[in-house]
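>>> sequence-free structure coming up:
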């Protein structure tokens with residue numbers, strides 16, 4: 001069982017479920033500590049009724065518990081300030097950071113700036129490569145699974 005924090009754009013919630021199902025189909029279990037925002041809470045966040053400090057504190061608590069951080073990479077992920085913040089926070093906490101391209105992506109998409117800097121692996125949506133990355137094998141791929149040049153990230157084994 002791996003304890004992970006899954007960083008993602010809230011529109012990609014179904015990909016978080018898909019990742020868990022994909023890995024459990026290979027009898028690889030993950031326990032996700034990421035935050036899923038209910039629509040009524042998202043509205044409060046959008047209207048700045050919850051302070052950034054409160055959100056940051058909650059996210060750091062959830063990340064500390066996890067041994068690794070997975071970032072679901074979709075078409076809009078690079079525009080999400082909270083995903084970028086989560087990657088930087090994970091880096092400061094010394095967590096391995098694994099980018100996983102969303103299922104169905106065929107073309108390269110822009111990566112969040114901090115994922116480019118701190119990723120330990122970036123892989124396509126395939127159970128074998130995700131599991132290898134979770135087990136500490138550093139790999140860098142395009143969405144279709146072909147090799148990609150390494151980012152500036154670093155390799156950490158927990």
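Arrived safely. Because the structure is a prediction, the values reported are computed rather than measured. Numbering: from 1, shown residues only.
>>> quick one: residue 44 and residue 55, what's the gap?
Residue 44 sits 11 Å away from residue 55 when distances are taken as CB to CB, to the nearest Å. Placement of C-beta: from N, CA and C, glycine included.
>>> who are the contact partners of the nearest residue to residue 76 once chain neighbours are set aside?
Among residues not flanking residue 76 along the chain, residue 9 sits closest, at 5.6 Å (CB to CB, 6 or more residues apart in numbering). Residue 9 makes contacts with 72, 74, 76, 77, 80, 83, as judged by CB atoms under 8 Å, 6 or more residues apart in numbering.
>>> which residues does the first one bridge with?
Beta bridges link residue 72 to residue 100 when assigned by DSSP bridges.
>>> now for the chain, the helix or strand with the poorest mean pLDDT.
When each helix and strand of the chain is scored by mean pLDDT, DSSP states H and E, helix 39-46 comes last, with a mean of 72.
>>> contacts only, for the residue positioned nearest the centre of the chain.
Taking CA atoms, centre = their mean, the centroid of the chain lies closest to residue 71, which sits 1.3 Å from it. Neighbouring residues of residue 71 by CB under 8 Å, 6+ apart: 6-8, 77, 83, 86-87, 97-100, 112, 115, 119.
>>> quick one, helices of the chain?
Secondary structure of the chain by DSSP state H: the helices cover 13-24, 39-46, 52-65, 81-92, 113-118, 127-134.
>>> what does the longest one rub up against?
Okay, so that is helix 52-65. 3, 5, 33-35, 45, 69, 82, 85-86, 89-90, 93, 95.
>>> switch to 6 Å and redo it
Residues outside helix 52-65 that contact it (CB atoms under 6 Å, 6 or more residues apart in numbering): 5, 33, 89, 90, 93.
>>> list only buried entries from those residues.
5, 33, 89, 90 (16 or more other CB atoms under 10 Å).
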